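J.: Predicted model and sequence below, questions to follow.
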Amino acid sequence: MLDTLLSFDRLLFLFINHLPHWVLIDGIAQFLSGIGEWGLVWIIFSIVLFIREERRNHSFFLPVFIAGFSSWVISEYGIKFFVSRPRPSIDMGALIIGGGAYGYSFPSTHATIAFALATVLSKVEPKFRGWFYTLAFFIGLSRIYLGVHYPSDVLAGALIGWGIGVFSIRLKSFMLSCFKTR
């Protein structure tokens, strides 16, 4: 069963990774991957929303910080260390664009951070929920297209990130309720 899933994962990877590689599409994918690095785009969105929401929500950055930091630590230093899945390679037929990536593959930290912060920011600004999740999706997809992650890496990162985002929102609510009762 696991071999079948891994074979499907590899086939789906090769399909996405071997889509046409035109200069413009490669550039867009590299841009999306770049703004997803360290959660840069999400930090910018958070600052803009904070400035906009400041008078109403003084604890705004609490779930953003919890979600961003914990998703990075859990993905990079927790799960990747234990799973130790190698990244796609040229030997298996991957087209690696932009120099590739280092470290292990599972889960995608880009996807983990993107979905954690898309979840948190969607709670703050629900009317942009579709935009936040669409951007998170394309950041994850760019990692497959550029040849540095398998689809299962991105899917797992998205699910883990979503869970961390939900946890961060609930933790903020819990912490605020504790302080309000005193």
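T.: Great, that's in hand. Numbers count the residues shown, from 1 in each chain.
J.: Lys172 is in what secondary structure piece?
T.: Per DSSP states H and E: Lys172 is located in helix 151-180.
J.: Show the average pLDDT along that helix.
T.: For helix 151-180, mean pLDDT is 89.
J.: Can you classify the residue nearest to the spatial centre of the chain by secondary structure?
T.: Centroid check for the chain by C-alpha atoms, centre = their mean gives Ala111 as the closest residue, at 2.0 Å. Assigned with DSSP: H, G, I helix; E, B strand; the rest coil, Ala111 falls in the helix class.
J.: Kindly report the same for Arg85.
T.: The assignment at Arg85 comes out as coil when based on three-state DSSP.
J.: Give the burial count for it, as a bare number.
T.: The tally of other residues near Arg85 (other C-beta atoms under 10 Å) stands at 16. To be clear about C-beta, it is placed using only N, CA and C from the backbone, and glycine gets the same treatment.
J.: For it, give me phi and psi.
T.: The phi/psi pair for Arg85 (degrees, to the nearest 10) reads phi -80, psi 130.
J.: what do you get for Leu95?
T.: The phi/psi pair for Leu95 (degrees, to the nearest 10) is phi -90, psi 110.
J.: Please tell me how far it sits from Asp26.
T.: With distances taken as C-beta to C-beta, to the nearest Å, Leu95 is found 10 Å from Asp26.
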